[in-house]
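Asker: Turn this into a model:
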Amino acid sequence: MNQVDRIKELVGILNEASKAYYAEDREIMSNLEYDALYDELCKLEEETGMILSNSPTQKVGYEVVSELPKEAHPQPMLSLDKTKDPEALRAWLNGREGVLSWKMDGLTVVLTYENGELVKAVTRGNGEIGEVITANAKTFVNIPTRISYKGKLSLRGEAIITYSDFDRINAGIADIDAKYKNPRNLCSGSVRQLNSKITAERNVRFYAFSLVEPDDAALVESFDNSFIKRFEFLSGLGFEVVEYKKVTPDTIIDTIKWFSDKIADNDFPSDGLVLSFEDVEYGRSLGRTAKFPRNAIAFKWKDEQAETTLQMIEWSPSRTGLINPVAVFDPVELEGTTVSRASVHNISIVKELALGIGDRITVYKANMIIPQIAENLTRSGKLEIPDTCPSCGGPTVIKNDNGTETLCCENPECPAKNIKGFTLFVSRNAMNIDGLSEATIEKFVDRGFLRNYTDFYKLSAHRDEIVNMEGFGEKSYNNMQDAVEKSKKVTAGAFIYALGIPGVGVANAKLIAKHFDEDIDKIKLAGVEELSEIEGIGDVIAGDFAAYFANEKNLQQYEELASMLEIIKSEKSSEQDLAGMTFVITGSLETYANRDELKNEIEARGGKVAGSVSKNTTYLINNDITSNSGKNKKAKELGVPIISEQDYKQL
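Answerer: Predicted coordinates:
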């Protein structure tokens, strides 16, 4: 492959990785892989003099895709040039003083204050256009909503979620597959919520890292051209600033080590350090390149690597059917801890690394935290991909999703998948059995307590064993049993949803229950033709629903469950004034706690709530009627009226 073709290939790979990271909050390659490819691209561009217009060396971030209001930044927010060499940082100082601080791993936010009040908060977005998140920012746990300085003031900082809050939030999620992968992903989703109530529940924190130069000449003069005095000014106003140290060429190496030694005890995620000139005017006088400012540079940790031997690949079935490869190798010391396992993520990476049992591999901790394989030195490529699922013994298949190969189990009776079904059964919108986490369900399945849904109502037969299980006790058992008893009173819609019938979500379950007047005997006898006549229930769902009850095992379980439960009628508004109307809800709400609350009210009044705008939509509810969101555009194209909450209340 010639250099030009390689440049084109690298631009495509890196842009896809950036899109996944910045716009979709997921990672498709490690930081080490990204940095290596990025450095290769820079070298090729320099050698050839060719730079594509969409090259990541010329672009900053990725275009935002949420429905939050957008706003252009007064000045582009450029990313920083970077190095992993401490000596390069010493040389960069050029004999001057600098300020070294944490480079936190969250979401960059710009705050603007006027007359002492927080008036606006905007995310970095793609560097030129960000998303307005003012209401959400006001819920950050450590942001002052009012400050003593009354002039206009703008500052930049990082919104983050601490490791302890991350662990707390994940502990409350029953489905292991639904747990958040890392604090940065959780923070990004939390900051950009359409409902600020959700943001408030996530304990988002903000750490200032720079002050946008104010128009107040007297204030600027008081800073004496010092970067640190700007930090001290912000601290004096009540802002938490990133931890920093003044450095010189003589002290910077030791200071980097000082920061490095603190990582293991930090409760916040970081992905390196930032070095700025203490002399603000000097830094400003250096100007900028097309992508990087010259007044600051990022330092990324040179990942400590260790060589070891791959002993096995552990194939771990998940609740979605994915079978994830995990490398198990001879234990090595990395960043002060012993490491012996690392996720390989998917079949594509297995093939890319050409893995084989007994291969010599190098491993590292991404950002000094997450174990990863850096390189396979042997590259035997002899690893056998299992053709049977380790959980159920059923056949496996390799699927290709947008160029990424994954190993899957397609057996619907696989125990790993049943755990997911059990988790759905006890979830809030289903039987609502509080306190039964997925981890607990796994333990019950392993001990043989749960084989089907009816066993949840027979757990008292295993009381003595449960009380003596690790993490349980008399109180935990009693609380669980109280929740099980309480769940016996349930609406027909929730009961139908709990069964996990393919294609039948919360809304469809309610529609079917409503059509049959919430009579569970009529529901089990429903035929495909009658089901298809229900508005919103297509032929496919109707077929899957009827097929579920045609299965003798499913029907027997349904009837046994029904004999244990008390089916209560769902609340209906005496006024069915929205009958025949279909609504779509988007954007943030003002008078309802969340979309579910508004949705339930619409359904109680006889209406229907859909997820997307179509020709059958009666109204799109959006408080930002002038927004250019995708749903607003679709509604305008189809002539669907866009109304606010207040308009809805007048219907």
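
Asker: Show the contacting residues for residue 252.
Answerer: Residues in contact with residue 252 (C-beta atoms under 8 Å, 6 or more residues apart in numbering) are 86, 89, 90, 93, 98, 100, 275. For glycine as for every other residue, the C-beta is placed from the backbone atoms N, C-alpha and C.

Asker: List phi and psi for it.
Answerer: phi -70, psi -40 (degrees, to the nearest 10).

Asker: Looking at the contacts of residue 252, which two lie furthest apart in space?
Answerer: Across those, the longest distance by C-beta to C-beta is 12.7 Å; it joins 86 and 98.

Asker: more neighbours, the two?
Answerer: Neighbours per residue (other C-beta atoms under 10 Å) separate residue 86 from residue 98, with residue 98 holding more: 29 against 18.

Asker: was I right about residue 426 contacting residue 440?
Answerer: No: counting by C-beta atoms under 8 Å, residue 426 stays clear of residue 440, with 9.6 Å between them.

Asker: So these two - more neighbours on which side?
Answerer: More neighbours surround residue 426 than the other of residue 426 and residue 440, with 24 against 19 (other C-beta under 10 Å).

Asker: how would you label the closest residue to the more buried one other than its chain neighbours: helix, strand or coil?
Answerer: With C-beta to C-beta, 6 or more residues apart in numbering as the criterion, residue 426 has its nearest non-adjacent residue at 3.9 Å, and that residue is residue 433. What DSSP: H, G, I helix; E, B strand; the rest coil gives for residue 433 is coil.

Asker: Tell me how far residue 40 lies from residue 86.
Answerer: In this view, residue 40 and residue 86 are 23 Å apart by C-beta to C-beta, to the nearest Å.

Asker: So which of the contacts of residue 252 are in helices?
Answerer: 86, 89, 90, 93 (DSSP state H).

Asker: Neighbour-wise, give me the winner out of those.
Answerer: residue 89 (23 neighbours).

Asker: returning to what we had before: can you list the ones in helices among the contacts of residue 252 in JSON lines and add pLDDT and distance to residue 577?
Answerer: Below are the ones in helices among the contacts of residue 252 laid out as JSON lines (pLDDT from 0 to 100; distance: C-beta to C-beta, whole Å):
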{"residue": "86", "pLDDT": "91", "distance to residue 577": "70"}
{"residue": "89", "pLDDT": "93", "distance to residue 577": "68"}
{"residue": "90", "pLDDT": "93", "distance to residue 577": "73"}
{"residue": "93", "pLDDT": "94", "distance to residue 577": "71"}
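
Asker: Surely residue 421 is in a helix?
Answerer: Yes: the assignment for residue 421 is a helix, going by three-state DSSP.

Asker: coming back round to it: roughly how far apart are the residue nearest to residue 426 and residue 201?
Answerer: Residue 433 is 22 Å from residue 201, by C-beta to C-beta.

Asker: Those two: which is more packed in?
Answerer: Taking other C-beta under 10 Å, residue 433 and residue 201 do not tie; residue 433 has more neighbours (21 against 13).

Asker: for the more buried one, what are its contacts?
Answerer: 425, 426, 456, 480, 483, 484, 487.

Asker: Scan the protein for its longest helix.
Answerer: The chain, longest helix under DSSP H: helix 31-48.

Asker: Return the list of helices and strands in contact with it.
Answerer: helix 3-18, strand 360-366 (3 or more C-beta pairs under 8 Å, 6 or more residues apart in numbering; DSSP states H and E).

Asker: List the contacts of it.
Answerer: 3-4, 6-7, 10-11, 13-14, 17, 50-51, 55-57, 84, 271, 300, 303, 364, 366-367, 372, 374.

Asker: quick one: that helix to helix 3-18, angle?
Answerer: Between the axes of helix 31-48 and helix 3-18, defined by axes from the mean of the first three to the mean of the last three C-alpha atoms, to 10 degrees, the angle is 150 degrees.

Asker: Go through the contacts of residue 252 and say which is closest to residue 221.
Answerer: Taking C-beta to C-beta as the measure, residue 221 lies nearest residue 98 of those, at 22.3 Å.

Asker: Touching, the closest one and residue 278? I think so.
Answerer: Yes: if you go by C-beta under 8 Å, residue 98 and residue 278 touch, sitting 5.8 Å apart.

Asker: Mind listing the shared neighbours of the two?
Answerer: Overlap of the contact sets of residue 98 and residue 278 (by C-beta under 8 Å, 6+ apart) consists of residue 246.

Asker: got the contact list for residue 452?
Answerer: Residue 452 touches residue 557, counting by C-beta under 8 Å, 6+ apart.

Asker: Confirm for me that residue 190 is in contact with residue 161.
Answerer: Yes: counting by C-beta under 8 Å, residue 190 touches residue 161, with 6.7 Å between them.

Asker: Could you tell me which residues touch both of the two?
Answerer: What both residue 190 and residue 161 touch, as defined by C-beta under 8 Å, 6+ apart, is the set 202, 204.
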